[in-house]
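Trainee: compute the structure for the input listed below.
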Amino acid sequence: MAQAKRERAAGAAASAAADTSFLTDVATLRERARQHIGEGAVTSTYTLPTETVVKVLNDALATEIVCVLRYKRHYFMAEGIHAESVKAEFLEHANEEQSHADRIAERIVQLGGEPDLAPDGLASRSHSQYVAGETLREMVVEDLVAERIAIDSYREIVQWLGDRDPTTRKMMEEILASEEEHADDLVSLLEGMPKDEGRGHG
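Mentor: Next comes the predicted model:
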């Protein structure tokens, strides 16, 4: 019986060792960490071209900023019988899009890049458009269209990143989930709104 226990323990230890065989030995990890320390989070095992990742993230950053601006305009311009509840939704979405933009900008810096916040190029880099909308319903529709564009493009970014940059992928997955929630919110708003619902301030 004791012999059988020892054999099981030895087998378990061997399995544990086999399970961790993919890990780099500690000495090598320590040596790698001291090389190219100016690159911060980008180590030698990062296989994606950082310039491409930064470009992709800067386009996503522009998308978020354009969404913030559009939602803010809609918040201030909305009027009509359903305006107050819709305005609250616009403002909440604007604040969440700003949070997304901040996270993306921080990740760009971590990857050794620079957030491109130049206003003259925002619209051309953004995946979604800035459409003002005249009526309250048109505003909601334009925001919904923009969210659907972001959902498609962010899903493609997540798939492209795959396992090669799990930190950026996780961030984009979380932002994607938020955009999907925004789309659901906007669909609910549309369903409770007559087609001739009020105009903005003009």
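
Trainee: who touches stretch 146-159?
Mentor: Under the contact criterion C-beta atoms under 8 Å, 6 or more residues apart in numbering, stretch 146-159 has outside partners 56, 60, 63, 66-67, 70, 127-129, 131, 169, 172-173, 175-176, 179-180, 182-183, 186. All C-beta atoms are positioned from the backbone trio N, CA, C, and that covers glycine.

Trainee: in it, what counts as buried?
Mentor: Neighbour counts over stretch 146-159 (16 or more other C-beta atoms under 10 Å) mark 146-151, 153-154, 157-158 as buried.

Trainee: in helices only, show me those.
Mentor: Judged by DSSP state H, helices contain the following of the buried residues of stretch 146-159: 146-151, 153-154, 157-158.

Trainee: quick one: which of these is nearest to residue 93?
Mentor: Nearest to residue 93 among these, counting by C-beta to C-beta, is residue 147 at 8.5 Å.

Trainee: apart from its chain neighbours, what residue comes closest to that closest one?
Mentor: In this structure, residue 147 finds its nearest non-sequential neighbour in residue 183, 4.3 Å apart by C-beta to C-beta, 6 or more residues apart in numbering.

Trainee: separation between the one you found and residue 124?
Mentor: From residue 183 across to residue 124, the span is 24 Å (C-beta to C-beta, to the nearest Å).

Trainee: any stretches of the chain with poor pLDDT?
Mentor: Counting by pLDDT under 70, the chain has low-confidence residues at 1-46, 195-202.

Trainee: now do the helices in it.
Mentor: Under DSSP H, the chain gives helices at 2-19, 26-34, 50-77, 83-110, 122-125, 136-161, 166-191.

Trainee: between those helices, which one is closest to residue 116.
Mentor: Each of those has some distance to residue 116 by C-beta to C-beta; the shortest is helix 50-77, at 4.4 Å.

Trainee: buried residues, that closest one. List them.
Mentor: Under the neighbour-count criterion of 16+ other C-beta under 10 Å, helix 50-77 has 50, 53-54, 56-75, 77 buried.

Trainee: check stretch 82-96 too.
Mentor: Within stretch 82-96, the residues scored as buried using 16+ other C-beta under 10 Å are 82-83, 86-87, 89-91, 93-94, 96.

Trainee: just stretch 132-149 next, same as before
Mentor: Buried positions in stretch 132-149, judged by neighbour count with 16+ other C-beta under 10 Å: 133, 135-144, 146-149.

Trainee: got the CA coordinates for that stretch in PDB?
Mentor: Coordinates of each C-alpha in stretch 132-149 appear next as PDB, following Å, rounded to 0.1, in the frame of the first residue of the first chain:
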ATOM      1  CA  ALA A 132     -25.200  65.000 -36.100                       C
ATOM      2  CA  GLY A 133     -28.800  63.900 -36.800                       C
ATOM      3  CA  GLU A 134     -31.700  66.300 -36.700                       C
ATOM      4  CA  THR A 135     -34.400  64.500 -34.800                       C
ATOM      5  CA  LEU A 136     -34.000  62.600 -31.600                       C
ATOM      6  CA  ARG A 137     -34.700  59.300 -33.500                       C
ATOM      7  CA  GLU A 138     -32.100  60.100 -36.100                       C
ATOM      8  CA  MET A 139     -29.600  60.800 -33.300                       C
ATOM      9  CA  VAL A 140     -30.300  57.400 -31.800                       C
ATOM     10  CA  VAL A 141     -30.100  55.700 -35.200                       C
ATOM     11  CA  GLU A 142     -26.700  57.300 -36.000                       C
ATOM     12  CA  ASP A 143     -25.300  56.300 -32.700                       C
ATOM     13  CA  LEU A 144     -26.600  52.700 -33.200                       C
ATOM     14  CA  VAL A 145     -25.000  52.600 -36.700                       C
ATOM     15  CA  ALA A 146     -21.700  53.800 -35.200                       C
ATOM     16  CA  GLU A 147     -21.800  51.200 -32.400                       C
ATOM     17  CA  ARG A 148     -22.400  48.400 -35.000                       C
ATOM     18  CA  ILE A 149     -19.400  49.600 -37.000                       C
END
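
Trainee: many thanks, I have nothing further to ask.
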